[in-house]
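# Structure of the sequence below:
(one chain, ligands or ions: 1)
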Amino acid sequence: MEKELPNYCRIAPDVKLGRDVRIHGFVNLYGCEIGDETRVGTFVEIQKGAKIGSRCKISSHTFICEGVTIESGVFVGHGVTFINDRHPAAITNGGELKTDSDWHCQRTLVKEGAAIGSGATLLGGITIGENALVGAGSVVTHDVPPYTVVAGNPARILKRNWRGVACNAGIVGAASNSPQEISDIVGDNFSADDPGASR
Ligand SMILES: CC(C)(COP(=O)(O)OP(=O)(O)OC[C@H]1O[C@@H](n2cnc3c(N)ncnc32)[C@H](O)[C@@H]1OP(=O)(O)O)[C@@H](O)C(=O)NCCC(=O)NCCS
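Presented below is the predicted three-dimensional model:
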């Protein structure tokens, strides 16, 4: 962790920071973990229970909530919003203020090497696969397969086999995989006749 923190950072004592984490001004971090050499931009909030791996870049104005796990080497753009409560409400049916025991936290996993474009919103309970790329401004409602580019609202597949390899799925260094191979590898939740699938 940097020895001298910039002014106007609120980093609670229960935050676990790895080695050489770089934190810019005006962040609000509490009860979270941040791995070695990760960079956290201005006006980022990371809630309790969130875990960020090593060598990630979290760009300014992003909100990372409880229930989110981000593996290593992940890029998160500016103003990205994670969601963990699918049916939010301020009060109970009886009109009382909701408490921590009145809701269910949905968990989200962003796997190694993925990138989330600026302004994206990620619904809770989903997994963004290894090295997947989420387009700017997307609203992601389903799991995103590894090595896939998605964009739009709701996010649809633009490209498969992004970066040309699917090494974590067992095909190492292949320049290109057939649609069947990709389908076998990713087993995705997106329909094969998705209107965006061939673009
Ligand atoms: C999604 C993305 C990777 C696609 O880039 P690309 O592979 O070069 O694709 P193209 O620009 O050729 O776009 C392909 C199609 O998808 C559409 N598209 C591209 N990005 C889109 C987005 N974010 N949301 C919705 N549609 C998008 C394009 O309009 C195009 O549609 P068309 O064929 O009907 O015209 C890119 O547009 C993007 O959003 N990157 C994230 C950038 C970012 O947020 N960086 C953060 C730090 S600055």
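
# which residues touch stretch 22-37?
With CB atoms under 8 Å, 6 or more residues apart in numbering as the test, stretch 22-37 has contacts from 2, 5-12, 14-21, 38-56, 60, 64, 72. Yep, even glycine has a C-beta here, placed from its N, CA and C like the rest.

# same for the ligand: which of those are within range?
Filtering those for proximity to the ligand by CB under 6 Å from any ligand atom leaves nothing.

# Relative to the ligand, how far out is residue 37?
19 Å (CB to the nearest ligand atom, to the nearest Å).

# same question, residue 22
17 Å.

# With residue 85 instead?
25 Å.

# count of residues packed around the closest residue to that residue other than its chain neighbours?
Distances taken as CB to CB, 6 or more residues apart in numbering put residue 103 closest to residue 85, at 5.5 Å, once the chain neighbours are dropped. Neighbour count of residue 103, defined by other CB atoms under 10 Å: 15.

# ok, now the one 3 residues further on?
When counting by other CB under 10 Å, one arrives at 18 neighbours for residue 106.

# Tell me which helix or strand the residue of the chain most remote from its centre sits in.
What lies farthest from the middle of the chain is residue 94; by CA atoms, centre = their mean that is 34.4 Å. Here residue 94 sits in a region with no helix or strand, counting by DSSP states H and E.

# so where do the helices sit in this structure?
179-186 (DSSP state H).

# Got phi/psi on the residue farthest from the centre of the chain?
phi -80, psi 0 (degrees, to the nearest 10).

# Just grab the bridge partners of residue 34 for me.
For residue 34, the beta-bridge partners are residue 17, residue 52 (DSSP bridges).

# of the contacts of stretch 22-37, buried ones?
Buried members of the contacts of stretch 22-37, counted by 16 or more other CB atoms under 10 Å: 11, 15, 17-18, 21, 38-47, 49-56, 60, 64, 72.

# returning to what we had before: next, the contact list for the residue farthest from the centre of the chain, please.
Residue 94 neighbours (CB under 8 Å, 6+ apart): none.

# returning to that earlier point: is the residue nearest to residue 85 in contact with residue 91, as I believe?
No: Residue 103 is beyond contact range of residue 91, at 11.6 Å (criterion: CB atoms under 8 Å).

# residues from the chain in reach of the ligand?
So far as CB under 6 Å from any ligand atom goes, the chain lies against the ligand at 77, 117-118, 133, 135-138, 149, 151-152, 158, 199.

# Which of those fall in strands?
Judged by DSSP state E, those include 133, 149, 151, 158 as members of strands.

# Pick the one among these closest to the ligand.
residue 151 (3.6 Å; CB to the nearest ligand atom).

# Just name the shakiest helix or strand of this structure by mean pLDDT.
In the chain, no helix or strand scores lower on mean pLDDT, DSSP states H and E than helix 179-186, which sits at a mean of 39.
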